[in-house]
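J.: Could you look at this predicted model? Sequence included:
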Amino acid sequence: MRIAVIGGGPGGLYFAALAKQLSPASEITLWERNAPDDTFGFGVVFSDETLDGIGQADPEIFAAMSARFARWTDIDVRHGGTSLTSGGHGFAALGRKRLLQILQERCAALGIDVRYRTEAPPVDELSADYDLVVASDGVRSAVRERYADTFRPDLDERAGRYMWLGTDKVFEAFTFVVAEHDFGPMAVHAYPFDDRSSTFIVEMPEDAWRRGGFAEFADRELPRGASDEDSIRRCEELLAEHLDGHRLIPNNSRWIRFTTVRNASWHHANVVLLGDAAHTAHFSIGSGTKLAMEDALALAACLNEHAGIPAALTAYEAERKPVVESTQRAAQASLEWFEHLDRSVGQPPEQFAFNLLTRSRRVTYENLRERDPGFVATVDAAFGNGRRAGGRHAGRQPANGQRADAPPANGQPADAPPADAQAANGKRTDAQPANGQPADRRSANAQPDVPAPPMFRPFTLGPLCLRNRVVVPPLATYSARDGVPGAFEAAQLGAFALGGAGLVFAGLAAVTPEGRSTPSCTGLWSKAHEDAWRALVAGIRAQSADGPLLGIQLTHAGRRAATTPPGPTGIGAPPAAADGWPVVAASALPWDAASPTPRAAGHTELAELTAAFAAAARRADRAGFDVLELHCGHGHLLSGFLSPLTNLRTDEYGGSLAGRLRFPLEVLAAVRAAWPAHKALVVRISATDWAAGGTTEAEAVEIARALAAGGADAIDVSTGEVVAHQRPEFGRSYQTPYADLIRNATGVPTIAVGAISTYDDVNSILLAGRADLCAMGRAHLYDPMWTLHAAAEQGYTGPGAAWPAPWLAGSRKPPGARSDRVPPRLHLLVDTVEPVRPRWKPQTGAHPVAPG
């Protein structure tokens, strides 16, 4: 083959070297517009996984890289005057300049025609003259622009600012610095890459960057290759305590915004994208050089494995695209965490460090505990000692309003005050404040020396105490008749109640017949419903007297009423006309073209609906429920008033956010008045509509704040299902960032829900302070005993996960196949592997350093 490579960065050079080795007869020409010793940037970091691939693909390149690696395993997090270290991670870094030299020398040895200081010919010409054109021409790829109709690029330029710098201070570990100033926080990502120098990246949220006076420096025109010296000197002054007298070293260093590059397709005819031309991922989660070199390996391998260019390029894209998209999802979460750094800087140091390390959701509680048990034990202890949201074991209130003597959390006498400790507003005087901080900051751990996992710590929800942080959300069974819950509803709730969760909700109980989502949904608009629910609750309590708190969700489906039970999509269809009923909503907007148009509720009807919600709340109280959830999400009636996409009213119930809040707050006030003060009240919202023009993050915060002021003890933070044209960004725990946003912006306790399925994720969410409780629906449908099984998996046997007495024999995880096998010794000599040092401490001292 004749192969043209545009761009002489690490990805292009590495591909050329590998392709030449696999096909020595191929003619490979590479164009690079810069000189061979020109480089921008400082050090690059590689994972062990990537290095294994390099070592297998080209041992010579790997050996040359290994000889110059800086290696270490620690991460330091400096924040709030403290420095915490998490070990066991594993890093290998070297200078970008040295990496380019290694790859350039390898290409020269293989006889590859590398043309430095030379612009590549137009890609159309190359495509006609060569069998394959590899475009590794960077984030501003001209090739990608030329074939934009095919590649269909999506360039997401973010608001935050960052600057690449070097320093002659040799950091001993990967170091995150978060320095707070009067204008806002500054973040530093620093790591060593040889015995003389470190990379030093300064990153700031846009608002802090402007308030800090950097905008006036950045607005100046600078020659190509010049650095923003004024900003660099200011960074040196502001971060002096972390530089220890050392200097910052520029190399074409100026403030830039990060651009996430995505492409719908990576190849056009015989032209293929590689590295930053195809994709980028925020530097806080991984090196672009690492991804580019992985691309190069995959492309060379696919060309060798497949007959013909089209098949090889299709295979390359099919192999690499899912890997890159996974990395980009993690990088996006990390990027957004740093963009909103101000949400987390108020956390205690231990929690902040854990939050930072788990920000991408790839690193988790269990993962960190395997790497560094001591670090996680430190964070666990701070969590248990009240250094974050949590609650004293205040005791659960039964349905009759008298305090129940809950089992103490640590085997000592309970520290809760008497049952009559009620404030004038009906709230318990010992109830946890809105920010979740216990007043006495004492530990609520099950065992003082071995703290319970975060998910099994008790939590105070309004006047009540949950024995653990696990919630079973409302899960409709679509088995009711005329709104009366049936046998399947009773069986499902009974199973969940025995399964160990701290709070179990019955769900989608409509306050009027017309408010049902489907004819098979439950209701609470009559005495018949109240009696049925009372019998159901009594039956559950008879089998699990020490079981969870029981809750029920009240709703009116609004324009989403009168549908058929949903199928796999989760969205029901309109029934036949004879089976439906008229629907009501904030505005006369149908759900979609196939749905009936609702009538816009008038003032008299709104008053009637408010009364229906209050009456249903009283029935729920008499039925014996501990917790009430008011559904203001998912496009139901109250949600329809909140969203600007579904509320087009021009009266006092529409327009501004205050107007859109009016009716939901009127309903909340009526429900709060009807619902006893010694019971908890939760409100579910959709924090985003996943559609342009919908509820903003700022509005979600204000909605939550208004609901809390109106009497909500916690906000159950869901998203979407407000409009049919939504485009959710599905992924693991994809809604948790909204619970995090609301919790840390308002101090109101939140419930995270949505694609949370493992106990590891639950522990990570709670310990990082992203939510106070975690609700898992599908996980409990898969395994109604999910919570007890999670306890068994973690070896936890405390009061946060009490097994029903008849099931105690099954409270340990059963042995698996071949679990009793003891393997023999099969090696005469034990292989000795030199351990990687936790800290990078080169023998030589620091010297003046040039870029790279």
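T.: Yep, it's here. Being a predicted model, the structure only gives us computed values, none of them experimental.

J.: from here on, contacts and neighbour counts on C-alpha atoms
T.: OK.

J.: the helices in the stretch 751-852 of the chain, which residues?
T.: Under the criterion DSSP state H, counting those that start in this stretch, helices of the stretch 751-852 of the chain are mapped to 759-767, 778-782, 786-794.

J.: what's the offset of the shortest one from the middle of its chain?
T.: Here the centre of mass of C-alpha atoms in helix 778-782, compared against the chain's by C-alpha atoms, centre = their mean, to the nearest Å, lies 20 Å away.

J.: and Ala585, which of the helices of the stretch 751-852 of the chain is closest to it?
T.: helix 778-782 (29.0 Å; C-alpha to C-alpha).

J.: where does the protein dip in pLDDT?
T.: Scanning the chain for pLDDT under 70 picks out 385-450, 568-579, 833-834, 836, 843-852.

J.: check which helix or strand covers Val202.
T.: Applying DSSP states H and E as the criterion places Val202 in strand 198-204.

J.: Give the buried residues for the following helix or strand past that strand.
T.: Next helix or strand after strand 198-204 toward the C-terminus (DSSP H and E): helix 206-211. Neighbour counts over helix 206-211 (16 or more other C-alpha atoms under 10 Å) mark 206, 208-209 as buried.

J.: So what touches helix 206-211?
T.: The list of residues contacting helix 206-211 from outside it, by C-alpha atoms under 8 Å, 6 or more residues apart in numbering, reads 159-161, 183-186, 215, 339.

J.: Please produce a ChimeraX select command covering the buried subset of the residues you listed.
T.: A single ChimeraX command is used to select the members of these judged buried by 16+ other C-alpha under 10 Å:
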select :160,161,184,185,186,339
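
J.: where along the stretch 401-550 of the chain do the helices fall?
T.: 487-498, 527-543.

J.: how about these, which one is nearest Gly275?
T.: Per C-alpha to C-alpha, nearest to Gly275 of the helices of the stretch 401-550 of the chain: helix 487-498, 48.3 Å.

J.: circling back to that earlier point, export the buried residues of helix 206-211 as TSV, with columns for distance to Ala687.
T.: What follows is those, written out as TSV (distance: C-alpha to C-alpha, whole Å):
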residue	distance to Ala687
Glu206	23
Ala208	25
Trp209	27
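
J.: and of these, the nearest to Ser265?
T.: When the buried residues of helix 206-211 are compared against Ser265 (criterion: C-alpha to C-alpha), the nearest one is Glu206, at 31.7 Å.

J.: how far away is that closest one from Arg233?
T.: Applying C-alpha to C-alpha, to the nearest Å, the value for Glu206 to Arg233 is 19 Å.

J.: cool, and Pro122?
T.: 41 Å.

J.: which of the helices of the stretch 751-852 of the chain sits most buried?
T.: helix 759-767 (a mean of 25; mean count of other C-alpha atoms under 10 Å).

J.: Would you reformat the helices of the stretch 401-550 of the chain as TSV and include mean neighbour count and distance to Ser287?
T.: Formatted as TSV, the helices of the stretch 401-550 of the chain follow (neighbours: other C-alpha atoms under 10 Å; distance: least, C-alpha to C-alpha, whole Å):
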stretch	mean neighbour count	distance to Ser287
helix 487-498	19	45
helix 527-543	18	54
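
J.: Nearest to Leu788, out of these?
T.: Using C-alpha to C-alpha, those put helix 487-498 closest to Leu788, at 8.9 Å.

J.: Can you tell me what sits against the closest one?
T.: Here helix 487-498 has contacts from 472, 477, 479-480, 504, 506, 536, 540, 544, 547-548, 780, 784-785, 803-804, using C-alpha under 8 Å, 6+ apart.

J.: Pull the contacting residues for Ser265.
T.: 150-152, 317.

J.: which pair in the contacts of helix 487-498 spans the largest distance?
T.: Ala480 and Trp803 (29.9 Å).

J.: In terms of neighbours, single out the busier of those two.
T.: Trp803 (24 against 19; other C-alpha atoms under 10 Å).

J.: Please identify the buried residues of the longest helix along the chain?
T.: Identified as the longest helix of the chain according to DSSP state H is helix 309-339. Residues of helix 309-339 classed as buried by neighbour count (16+ other C-alpha under 10 Å): 309-310, 312-317, 320-321, 324, 327-339.

J.: One more: stretch 153-163?
T.: 153, 155, 158, 160-163.

J.: Reformat these as CSV; add secondary structure and distance to Val178.
T.: Formatted as CSV, these follow (DSSP: H, G, I helix; E, B strand; the rest coil; distance: C-alpha to C-alpha, whole Å):
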residue, secondary structure, distance to Val178
Pro153, strand, 34
Leu155, strand, 28
Arg158, coil, 20
Gly160, coil, 15
Arg161, strand, 15
Tyr162, strand, 14
Met163, strand, 15
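
J.: and of those, the nearest to His556?
T.: Arg158 (39.0 Å).

J.: Quick check: the closest one vs Arg684, distance?
T.: For Arg158 relative to Arg684 (C-alpha to C-alpha), the value is 30 Å.

J.: again, but for Leu341
T.: In terms of C-alpha to C-alpha, Leu341 sits 26 Å off from Arg684.

J.: With neighbour numbers in mind, choose between the two.
T.: Shown here are Leu341 and Arg684; by other C-alpha under 10 Å, Arg684 has more neighbours (24 against 19).

J.: Good, we can wrap up now.
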